[in-house]
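Peer 1: what's the 3D shape of this:
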Amino acid sequence: MNTQTTKGVAVVTGASTGIGAVYAERLARRGYDLLIVARNEERLRALAARLTAETGRAVEAFRADLGDKADLARLEARLKEDASVAMLVNNAGVGSVASIETADVDEMEAMIFLNVTALTRLTYAVVPGFTARGSGTIINISSVVGVAVEVLNGVYGASKSYVLSFGHSLQKDLAGKGVRIQTVLPGATATEFWDVAGYAAQKTSPITIGGRSRRRGFGRPGQGRARHHPRASGRRRLVALGGWPPRARAQVQQRKALAALRAELSPSARSRTGALPMPYLQLDVAGPHPWADKRRLARRMSETYAAMMSVDVRRISVAIRELGEGGVWRVVEAGTDPVPVSVMMLDVRRGRPPELRMEVAKALCAHCVKILGLEEDRLNVEFTQHSGDEMYHPALGGYSPEWEPGES
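Peer 2: Now for the predicted structure:
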């Protein structure tokens with residue numbers, strides 16, 4: 001049994017990795033028991049076990065997908081009923097780099113629900129208890145793009161602007177009631193956010209916190225650093241992540257960071273960083289399938305491959321070949337007749353590790369199953385490995401440049 005004095009329970013959403021995991025660890029070391037929330041139960045339980053072993057704090061893993069209304073309602077009910085909750089860190093969120101022309105509107109709606117609706121409902125769940133007890137802390141994770149909405153996807157930027165504005169409103173309503181409000185505006189940080197957002201290459205950028213940067217105050221690779229200010233009572237705090245300097249110079253540094261991020265994520269810069277082989281993704285199926293479904297599948301395959309392989313999406317070509325009934329066959333068991341199957345052939349840069357190729361294959365197969373209704377056990381994937389000078393694209397500068405030795 002934990003006999004240590006506790007500061008109460010800190011609830012951290014999106015806690016299984018990245019910024020959320022950093023908050024969980026720092027708060028446990030500062031004397032808080034934890035309720036950590038995320039979708040990935042395996043990672044969540046591993047983190048809970050490690051933090052309990054290292055700090056002696058009570059850490060409860062609460063598996064929930066906050067993009068799901070039922071899971072969100074479960075967590076809301078818990079927060080309303082638990083008088084030991086002393087802090088809420090609204091960290092769970094998702095992003096995108098897709099433009100309005102290429103983004104899926106259903107995915108944008110889901111982003112709004114997670115980034116805005118879930119954050120708002122959880123805040124509303126804890127405030128009555130905090131004000132009744134005269135104490136409590138709410139930390140909302142916004143983003144630097146909340147004040148530079150043109151940098152990434154417009155819906156994502158707008159959702160983070162909401163978080164920033166919501167913080168102002170919370171401070172106005174709760175000032176003088178013992179509730180501390182903190183809004184955090186992280187810059188580019190080396191987390192899995194970029195994999196989901198569709199631009200994994202950003203994680204290794206020199207301007208990315210925890211990436212290749214070695215500037216003072218930036219974490220070691222893979223360790224974005226969150227600065228937490230527990231004595232922020234009486235006023236609202238805007239906090240920069242990753243070691244930005246004190247208040248006197250923070251605005252200057254923030255403008256520089258925004259300028260660097262804008263340049264890094266401009267279409268021309270993304271073209272340069274994505275100047276790798278021009279992959280050709282081919283799917284042979286029986287068909288026929290509706291034109292709209294094939295276009296949707298081509299987009300999802302392109303976006304997923306680009307994100308996971310760190311390739312400029314404009315360099316990807318997708319061919320969905322309908323060979324007609326009986327066009328592709330495979331013998332499933334020896335001594336039996338062949339059965340109709342589908343085959344996917346993927347160009348890949350030489351040197352990609354097999355673990356990554358397997359994850360790409362699984363992701364692309366999932367799109368085929370969901371969109372075209374293909375049978376997963378009758379879908380084969382074949383990789384063809386190339387070097388940079390084996391693929392030519394005149395509109396994007398000709399041959400794809402070679403990569404650095406040892407780069408995967």
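
Peer 1: Which helix runs longest in the protein?
Peer 2: For the chain, the helix reaching the highest residue count under DSSP state H is reported as helix 154-174.

Peer 1: so what secondary structure elements neighbour that one?
Peer 2: When contacts are defined as 3 or more Cβ pairs under 8 Å, 6 or more residues apart in numbering; DSSP states H and E, helix 154-174 packs onto helix 105-112, helix 119-133, strand 136-141, strand 179-185. Backbone N, C-alpha and C define where each C-beta goes, glycine included.

Peer 1: Could you rerun that using 10 Å?
Peer 2: helix 105-112, helix 119-133, strand 136-141, strand 179-185, strand 237-240 (3 or more Cβ pairs under 10 Å, 6 or more residues apart in numbering; DSSP states H and E).

Peer 1: Quick check: buried residues in it?
Peer 2: 154-164, 166-167, 170-171, 174 (16 or more other Cβ atoms under 10 Å).

Peer 1: So which residues of the protein form helices?
Peer 2: For the chain, helices defined by DSSP H occupy the ranges 18-29, 41-55, 69-81, 105-112, 119-133, 154-174, 193-197, 247-264, 267-273, 291-309, 354-372.

Peer 1: Ramachandran angles for residue 56?
Peer 2: Here is the backbone geometry of residue 56 (degrees, to the nearest 10): phi 80, psi 0.

Peer 1: Reformat the helices and strands packed on helix 154-174 as a markdown table; add distance to residue 310.
Peer 2: Below are the helices and strands packed on helix 154-174 laid out as a markdown table (distance: least, Cβ to Cβ, whole Å):
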| stretch | distance to residue 310 |
| --- | --- |
| helix 105-112 | 20 |
| helix 119-133 | 30 |
| strand 136-141 | 25 |
| strand 179-185 | 26 |
| strand 237-240 | 27 |
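
Peer 1: Quickly, which of those bottoms out on average pLDDT?
Peer 2: With a mean of 44, strand 237-240 has the lowest mean pLDDT of those.

Peer 1: low-scoring stretches of the protein, by residue?
Peer 2: 1-4, 97, 100, 148-153, 187-278, 349-351, 386-408 (pLDDT under 70).

Peer 1: what about 50?
Peer 2: The model of the chain has pLDDT under 50 over residues 1, 190-250, 264, 267-277, 388-408.

Peer 1: returning to what we had before: let me know which of the helices of the chain is tucked in deepest.
Peer 2: Comparing these by mean neighbour count (mean count of other Cβ atoms under 10 Å), helix 18-29 comes out on top with a mean of 23.

Peer 1: Okay, angle between it and strand 136-141 too, please.
Peer 2: Relative orientation of helix 18-29 and strand 136-141, computed by axes from the mean of the first three to the mean of the last three Cα atoms, to 10 degrees: 150 degrees.

Peer 1: just to revisit the earlier point, residue 85 is nearest to which of the helices and strands packed on helix 154-174?
Peer 2: helix 119-133 (6.1 Å; Cβ to Cβ).

Peer 1: Give the other helices and strands that that closest one contacts.
Peer 2: strand 9-13, helix 69-81, strand 85-90, strand 136-141, helix 154-174, strand 179-185.

Peer 1: Report the angle between the third one and helix 119-133.
Peer 2: This points to strand 85-90. Inter-element angle recorded for strand 85-90 and helix 119-133: 160 degrees (by the same axes, to 10 degrees).

Peer 1: do the same with the last one
Peer 2: With the same axes, to 10 degrees applied, the angle from strand 179-185 to helix 119-133 works out at 150 degrees.

Peer 1: show me the contacts for residue 90.
Peer 2: The contact partners of residue 90, by Cβ atoms under 10 Å, 6 or more residues apart in numbering, come to 11-14, 20, 66, 115, 118-120, 122-123, 126, 138-142, 163, 166, 183-184.

Peer 1: and if we set it to 7 Å?
Peer 2: 13, 119, 122, 123, 139, 140, 141 (Cβ atoms under 7 Å, 6 or more residues apart in numbering).

Peer 1: Across the sheet, point out what pairs with it.
Peer 2: residue 140 (DSSP bridges).

Peer 1: between the helices and strands packed on helix 119-133, which gets nearest to residue 329?
Peer 2: Of the helices and strands packed on helix 119-133, nearest to residue 329 by Cβ to Cβ is helix 69-81, at 43.2 Å.

Peer 1: who touches the closest one?
Peer 2: Here helix 69-81 has contacts from 11, 37, 62, 64, 65, 66, 85, 118, 121, 122, 125, 126, using Cβ under 7 Å, 6+ apart.

Peer 1: on that earlier part again, what residues does the longest helix of the chain touch?
Peer 2: For helix 154-174, contacts defined as Cβ under 7 Å, 6+ apart pick out 95-96, 100, 108, 111-112, 115-116, 119-120, 131, 138, 140, 142-143, 145-146, 149, 151, 181, 183, 236.

Peer 1: filter those to the buried ones?
Peer 2: 95-96, 108, 111, 115-116, 119, 138, 140, 142-143, 145-146, 149, 151, 181, 183, 236.

Peer 1: residues contacting residue 121?
Peer 2: Shown in contact with residue 121 (Cβ under 7 Å, 6+ apart): 72, 76.

Peer 1: quick one on the thing from earlier: export the contacts of helix 69-81 to CSV and tack on distance to residue 338?
Peer 2: Formatted as CSV, these follow (distance: Cβ to Cβ, whole Å):
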residue, distance to residue 338
11, 55
37, 48
62, 49
64, 45
65, 40
66, 46
85, 60
118, 49
121, 53
122, 54
125, 57
126, 60
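
Peer 1: before we move on, back to that, with respect to residue 46, which of the helices and strands packed on helix 119-133 lies nearest?
Peer 2: Within those, the stretch nearest residue 46 is strand 9-13; the backing value is 15.1 Å (Cβ to Cβ).

Peer 1: Pull the CA coordinates from the closest one and hand them back as PDB.
Peer 2: Taking C-alpha atoms only, strand 9-13 is exported to PDB below (Å, rounded to 0.1, in the frame of the first residue of the first chain):
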ATOM      1  CA  VAL A   9      -4.700  12.600  -8.400                       C
ATOM      2  CA  ALA A  10      -3.500  14.100 -11.700                       C
ATOM      3  CA  VAL A  11      -5.500  12.900 -14.700                       C
ATOM      4  CA  VAL A  12      -3.400  12.900 -17.900                       C
ATOM      5  CA  THR A  13      -5.100  12.100 -21.300                       C
END
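
Peer 1: Do I have it right that residue 372 meets residue 289?
Peer 2: Yes. Using Cβ atoms under 7 Å, residue 372 is in contact with residue 289, at 5.4 Å.
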